[in-house]
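**Q** Just to be clear, the model below is a prediction. Sequence and coordinates:
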Amino acid sequence: MAEHEQVQEHVRVAVIGSGFGGLGAAVRLRREEITDFVVLERAGSVGGTWRDNSYPGCACDVPSHLYSFSFAPNPDWPRTFSGQEHIRAYLEHVTDTFGLRPHIRFDSEVKRMAWDTERLLWEIETVSGNLTADVVVSASGPLSDPKVPDVPGLDSFPGKVFHSARWDHEYDLTGKRVAVIGTGASAIQIVPSIQPKAGHLTLFQRTPAWVMPRMDRAISGAERALHRALPVTTKLRRGLLWGLRELQVQAFTKHPNELGFVEQIAKRNMASAIKDPALRAKLTPGYRIGCKRILLSSTYYPALAQPNVDVVASGLSQVRGSTLVAADGTETEADVIIFGTGFHVTDMPIAERVVGADGRTLAETWKGGMEALRGASAAGFPNWMTIIGPNTGLGNSSMILMIESQLNYMADYLRQLKVLGGRVALDARPAAVRNWNHRVQERMKRTVWNTGGCTSWYLDASGRNTTVWPGTTAEFRRVTRRVDLAEYEVLRTAVAGAAPVADADTNAEVSA
């Protein structure tokens with residue numbers, strides 16, 4: 001070997017992203033006594049979506065004690081629903097407490113990951129260098145890449161334009177004519193936060209949202225002292241919050257008509273602040289509550305009732321200079337456009353950078369819709385797992401519960417590889433992926449997300465719900481507790497440089 005040639009770095013596991021999923025994976029790897037891993041992070045700090053989303057009013061709509069790791073309870077949450085700054089600080093704390101920083105490669109965005117079928121490993125190209133890994137755990141998350149609609153004339157807009165997840169803190173909104181596009185979870189937090197300083201605010205609402213009161217309050221010093229002195233009380237609080245949400249699941253998944261009484265609460269929340277019948281009509285959804293994400297706010301409706309706010313009950317259709325034109329023809333003058341239009345959830349950009357065993361990208365494989373065995377493994381992508389993969393989302397509880405279940409599955413996956421020994425890989429068999437996805441989609445048919453009469457970001461371009469899990473978090477934990485080798489093809493390399501071969505006993509079809 002020439003002196004200038006260097007041996008390429010190789011690790012046992014490469015984790016992509018340092019949000020809740022990536023940091024959770026790193027902690028679990030250390031607990032499994034695996035220290036030969038790296039966390040590849042495209043930004044300069046940890047936090048994922050809680051680093052990127054720093055817009056005014058940004059907060060979580062899941063109670064603090066449930067929206068945190070079970071293995072890292074925080075007795076000092078300041079509010080029942082935490083703000084972005086508190087959640088980000090919590091993730092920094094987890095990073096330091098569990099000694100994760102030496103494993104993290106900041107400013108190392110992944111450009112390409114390709115499976116080497118001969119060497120049974122992943123070749124990873126990042127902006128800061130290349131490496132190989134036996135296993136890749138993709139925790140980039142579905143809320144990582146903002147979606148901005150392709151609006152004709154937007155490039156000609158003379159004012160400021162930015163997405164809620166890329167907030168420009170240097171731009172002063174005081175006295176400006178502000179247009180907010182969208183009425184999702186971000187927009188309903190942004191609007192009341194910026195309304196007092198805006199000269200005029202116009203909200204472009206393609207579809208109204210169901211908004212429930214946000215029962216937020218400061219957690220008293222006495223409560224926090226109790227949680228510090230008696231950690232079991234933190235666990236009990238978390239358990240109660242979890243149990244109440246588990247009881248709600250059947251209404252979403254099996255009996256959507258039972259949600260009618262919840263709609264009445266939402267209507268009362270609106271009526272208490274919106275006295276104008278015409279505005280109430282604009283803001284009242286025409287679909288079953290729960291079909292789209294239920295939003296929480298006690299300040300959104302009061303903000304919309306202010307004299308410097310207009311609601312346009314139509315989406316943004318085109319831009320003509322500083323004039324914004326809605327689909328219904330309404331014209332509005334604006335100095336700044338803020339897009340609260342969500343993220344690439346069912347068409348995650350990371351999928352375009354993952355190349356499988358047959359040379360196709362994951363995006364090409366998922367062209368007809370995302371699907372993965374138990375939300376983790378895609379056929380044709382050996383030793384590749386995703387955290388918060390297809391059909392692992394929730395409509396009523398904490399995603400941290402789902403993440404921890406997937407970490408259980410990841411841990412057992414790595415144990416199975418160790419037991420099998422040698423240069424080995426597991427590839428989810430197409431029949432197993434099809435059977436799993438078929439069962440999920442059959443259950444999805446009667447859920448409120450599919451029957452509620454709305455079009456939501458839960459659905460992909462073909463109208464299939466590839467986002468939400470149609471069951472309880474407890475059930476998901478059960479089905480991801482162990483890896484069933486019958487659902488995988490075991491790949492081995494017989495001799496150095498030889499093509500991989502499959503274990504003979506892994507070729508039988510998996511029954512539904």
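**A** All right, it came through fine.

**Q** Where do the strands of the stretch 1-150 of the chain begin and end?
**A** 9-16, 37-40, 104-105, 110-116, 121-126, 129-138 (DSSP state E, counting those that start in this stretch).

**Q** Pick the most deeply packed of those.
**A** Sort those by mean neighbour count, taking mean count of other Cβ atoms under 10 Å, and strand 37-40 sits at the top with a mean of 24. C-beta: built from backbone N, CA, C; applies to glycine.

**Q** Contacts for it, please.
**A** Residues from elsewhere that reach strand 37-40 (Cβ atoms under 8 Å, 6 or more residues apart in numbering): 11-18, 22-23, 25-26, 29, 100, 103-105, 108-110, 124, 126, 131, 133.

**Q** Apply 6 Å and report the result again.
**A** Contact with strand 37-40 is made by 11-16, 18, 22, 26, 29, 103-105, 108, 110, 126, as judged by Cβ atoms under 6 Å, 6 or more residues apart in numbering.

**Q** In CSV, list the C-alpha atoms belonging to it.
**A** The C-alpha coordinates for strand 37-40 follow below in CSV (Å, rounded to 0.1, in the frame of the first residue of the first chain):
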residue,chain,number,x,y,z
PHE,A,37,-20.5,3.4,16.5
VAL,A,38,-20.9,7.0,15.2
VAL,A,39,-23.8,9.4,15.0
LEU,A,40,-23.7,11.4,11.8
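
**Q** What pairs with it, parallel or antiparallel?
**A** Partners of strand 37-40 in the sheet, by DSSP bridges, are strand 9-16 (parallel), strand 104-105 (parallel).

**Q** gap between it and the chain center?
**A** Centroid separation for strand 37-40 versus its chain: 20 Å, with Cα atoms, centre = their mean, to the nearest Å.

**Q** do stretch 68-80 as well
**A** With Cα atoms, centre = their mean, you get 20 Å for stretch 68-80.

**Q** before we move on, what about stretch 373-388?
**A** Using Cα atoms, centre = their mean, the offset of stretch 373-388 from its chain centre is 16 Å.

**Q** What of stretch 370-382?
**A** Distance, centroid of stretch 370-382 to centroid of chain: 17 Å (Cα atoms, centre = their mean).

**Q** and what of stretch 176-191?
**A** 20 Å.

**Q** Could you give the average pLDDT over it?
**A** Stretch 176-191 shows a mean pLDDT of 97 in the predicted model.

**Q** how far does that stretch stretch from start to finish?
**A** Terminal residues of stretch 176-191 lie 14 Å apart, using Cα to Cα, to the nearest Å.

**Q** Which segments of the chain make up each domain?
**A** Residue ranges of the domains in the chain are recorded as 9-145+344-506, 154-215+240-339, according to automatic domain parsing.

**Q** Take those domains and lay them out in JSON lines including distance to Val232.
**A** Listed next are those as JSON lines, based on distance: least, Cβ to Cβ, whole Å:
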{"stretch": "domain 9-145+344-506", "distance to Val232": "10"}
{"stretch": "domain 154-215+240-339", "distance to Val232": "13"}
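
**Q** right, and the ones you listed - which one's nearest Ala229?
**A** Between Ala229 and the domains of the chain, the tightest spacing by Cβ to Cβ is seen for domain 9-145+344-506, at 8.7 Å.

**Q** Now do the helices in the stretch 251-400 of the chain.
**A** 260-271, 277-283, 300-304, 362-365, 399-420 (DSSP state H, counting those that start in this stretch).

**Q** Check the stretch 51-200 of the chain too.
**A** Counting by DSSP H, counting those that start in this stretch, the helices of the stretch 51-200 of the chain are 84-97, 187-194.

**Q** and Leu230, which of the domains of the chain is closest to it?
**A** domain 9-145+344-506 (9.2 Å).

**Q** low-scoring pLDDT stretches of this protein, where are they?
**A** Applying pLDDT under 70 to the chain flags residues 1-6, 494-512.

**Q** cutoff 90 now
**A** Residue ranges of the chain with pLDDT under 90: 1-8, 143-144, 346-349, 395, 461, 493-512.

**Q** Figure out which of the strands of the stretch 1-150 of the chain is closest to Asp347.
**A** strand 129-138 (14.9 Å).

**Q** what is the orientation angle of the closest one with strand 9-16?
**A** Interaxial angle of strand 129-138 relative to strand 9-16 (axes from the mean of the first three to the mean of the last three Cα atoms, to 10 degrees): 40 degrees.

**Q** hey, C-alpha coordinates of strand 129-138 in PDB?
**A** Only the C-alpha atoms of strand 129-138 are listed here, as PDB (Å, rounded to 0.1, in the frame of the first residue of the first chain):
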ATOM      1  CA  GLY A 129     -15.600  12.200   4.700                       C
ATOM      2  CA  ASN A 130     -16.400   8.600   3.900                       C
ATOM      3  CA  LEU A 131     -16.700   5.500   6.000                       C
ATOM      4  CA  THR A 132     -18.200   2.000   6.000                       C
ATOM      5  CA  ALA A 133     -20.600   0.400   8.500                       C
ATOM      6  CA  ASP A 134     -22.000  -3.100   9.200                       C
ATOM      7  CA  VAL A 135     -25.300  -1.700  10.200                       C
ATOM      8  CA  VAL A 136     -27.100   1.700   9.500                       C
ATOM      9  CA  VAL A 137     -29.700   3.000  11.800                       C
ATOM     10  CA  SER A 138     -31.500   5.900  10.100                       C
END
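
**Q** How far off centre is that strand?
**A** For strand 129-138, the distance to the chain centre is 22 Å (Cα atoms, centre = their mean).

**Q** That strand packs against which elements?
**A** strand 9-16, strand 121-126, strand 384-386 (3 or more Cβ pairs under 6 Å, 6 or more residues apart in numbering; DSSP states H and E).

**Q** quick revisit: looking at the strands paired with strand 37-40, spot the one closest to Gln306.
**A** Of all these, strand 9-16 comes closest under Cβ to Cβ, at 43.1 Å.

**Q** Convert the C-alpha atoms of that closest one to CSV, please.
**A** The C-alpha trace of strand 9-16 is given here as CSV (Å, rounded to 0.1, in the frame of the first residue of the first chain):
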residue,chain,number,x,y,z
GLU,A,9,-12.8,4.1,8.6
HIS,A,10,-15.2,1.2,9.5
VAL,A,11,-17.7,1.1,12.4
ARG,A,12,-20.1,-1.5,13.6
VAL,A,13,-23.1,0.9,13.5
ALA,A,14,-23.7,4.2,11.9
VAL,A,15,-26.6,6.2,13.3
ILE,A,16,-28.0,9.0,11.1
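
**Q** Next, the angle helix 399-420 makes with that strand.
**A** If you take the same axes, to 10 degrees, strand 9-16 sits at 150 degrees to helix 399-420.

**Q** Of the helices and strands packed on strand 129-138, which is nearest Asp328?
**A** Of all the helices and strands packed on strand 129-138, strand 384-386 comes closest under Cβ to Cβ, at 39.9 Å.

**Q** And the contacts of that closest one?
**A** By Cβ under 6 Å, 6+ apart, the list of residues contacting strand 384-386 reads Val136, Val137, Ser138, Ala376, Ser377, Met410.

**Q** what pairs with it, and is each one parallel or antiparallel?
**A** Here, using DSSP bridges, strand 384-386 pairs with strand 129-138 (parallel).

**Q** Not counting its own residues, what contacts the strand it pairs with?
**A** By Cβ under 6 Å, 6+ apart, strand 129-138 touches 9-16, 25, 121-124, 383-386.
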